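Undergrad: sequence and predicted model, in that order:
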Amino acid sequence: MSRRLAREVAFRALFQVDVGKSKPQPSLRYAREGLTFLPEEERFIEELVEGTLQYREVLDRVICKHLKNWELHRLPAVDRNLLRLALFEILYRPDIPNAVAINEALELAKKYGGSDDSVAFINGVLDRAAGEAAAKEMGREIDRES
């Protein structure tokens, strides 16, 4: 299974929903056009898109918390949607290691963002957010052990 391609399709659908104000299902169909996926890959793509859209407000608040001298609406749409997708994986998909979610976002940023600044920016935001999420989880584990 190519999770990288699945993430790319999910990103393209999320981008279209965000920028084109499209509905998720037509965006997914368009993003998958010409590609064939196994049923489990289809489910993964849909889980990423649906989950990212379901938690979009929470994800945006987390992004805003970790922005330095930026506002969410001023971010390039590519960066904004890659951040949302990767943060969804970091915060809501414990089956996906944070490093994998971050690395996949960076690879997509290289392909779609085009600039080294964009890649470094996304890496910085995701690294801070993942660090904070890991610290909170560690605190919860300590509380459970007490």
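TA: Noted; the coordinates are in hand.

Undergrad: isn't residue 64 right next to residue 74, touching?
TA: No. Counting by C-beta atoms under 8 Å, residue 64 stays clear of residue 74, with 11.2 Å between them. All C-beta atoms are positioned from the backbone trio N, CA, C, and that covers glycine.

Undergrad: tell me which of these two has more neighbours.
TA: Set side by side, residue 64 and residue 74 give different neighbour counts by other C-beta atoms under 10 Å, the larger being at residue 64 (12 against 8).

Undergrad: any idea how far the more buried one is from residue 3?
TA: Distance, residue 64 to residue 3, by C-beta to C-beta, to the nearest Å: 28 Å.

Undergrad: repeat that for residue 59.
TA: Here the criterion is C-beta to C-beta. By it, residue 59 lies 20 Å from residue 3.

Undergrad: based on its surroundings, how many neighbours for residue 3?
TA: Other residues near residue 3 come to 15 when the count uses other C-beta under 10 Å.

Undergrad: enumerate every residue touching it.
TA: Neighbour list for residue 3: 41, 44, 104 [criterion: C-beta atoms under 8 Å, 6 or more residues apart in numbering].

Undergrad: pLDDT-wise, what's the bottom of the residues you listed?
TA: Comparing pLDDT over the contacts of residue 3, the lowest score belongs to residue 41 (94).

Undergrad: now whichever strand or helix holds that one: buried residues?
TA: Using DSSP states H and E, residue 41 sits within helix 39-54. By 16 or more other C-beta atoms under 10 Å, the buried positions in helix 39-54 come out as 41, 44, 45, 46, 47, 48, 49, 51, 52, 53.

Undergrad: how about the residues you listed in a markdown table, adding distance to residue 131?
TA: Written out in a markdown table, the entries for the buried residues of helix 39-54 read as follows (distance: C-beta to C-beta, whole Å):
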| residue | distance to residue 131 |
| --- | --- |
| 41 | 30 |
| 44 | 26 |
| 45 | 28 |
| 46 | 29 |
| 47 | 25 |
| 48 | 22 |
| 49 | 26 |
| 51 | 21 |
| 52 | 21 |
| 53 | 25 |
